[in-house]
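Novice: Sequence first, then the predicted structure, then my questions.
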Amino acid sequence: MSLSDRFGLWLGFHACDQDTYFAMIEAYARHFGLRVPNEELRARAIEWSVTRGARSGRVAWQYTQDLAGRLQKTTDQL
């Protein structure tokens, strides 16, 4: 809302299907070197999306950041 109020900008975080969500998660994990077996990565990603009530690029990114923290990757390593 603050972007809209200040600059008249609206950002949409559109829902995606599960295959697209998994593709985003797996690409982020590969890119950042997060070594988690695919089955575990997907199971955690499903749980994350269910507890957030959505599957989107934003949710995939938030999940990746949380996972990196759990794996003790610092932001300068990402």
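Specialist: Perfect, I can see it now.

Novice: quick one: A15 and G53 touch, right?
Specialist: No - the criterion here is CB atoms under 8 Å, and A15 misses it with G53 at 10.0 Å. From N, CA and C alone the C-beta is placed, and that goes for glycine too.

Novice: These two: which is more packed in?
Specialist: Neighbour tally, A15 and G53, criterion other CB atoms under 10 Å: the higher count belongs to A15, 13 against 7.

Novice: could you measure the more buried one against Y21, distance?
Specialist: 9 Å (CB to CB, to the nearest Å).

Novice: where does the chain have low pLDDT?
Specialist: Applying pLDDT under 70 to the chain flags the ranges 1, 3, 10-13, 74-78.

Novice: Could you pull up the contacting residues of the residue nearest the centre of it?
Specialist: Closest residue to the average C-alpha location of the chain: A60 at 1.7 Å, with CA atoms, centre = their mean. Counting by CB atoms under 8 Å, 6 or more residues apart in numbering, A60 touches Y21, M24, I25, Y28, A45.

Novice: So which of those residues are in strands?
Specialist: Secondary structure from DSSP state E places none of these in strands.

Novice: quick one: which of the residues you listed has the most company?
Specialist: Neighbour-wise, the contacts of A60 (other CB under 10 Å) top out at I25, 27 neighbours.

Novice: Surely that one touches N38?
Specialist: No - assessed by CB under 8 Å, I25 is found out of contact with N38, at 9.5 Å.

Novice: Mind putting the contacts of A60 into a markdown table with distance to S2?
Specialist: What follows is the contacts of A60, written out as a markdown table (distance: CB to CB, whole Å):
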| residue | distance to S2 |
| --- | --- |
| Y21 | 27 |
| M24 | 25 |
| I25 | 28 |
| Y28 | 26 |
| A45 | 29 |
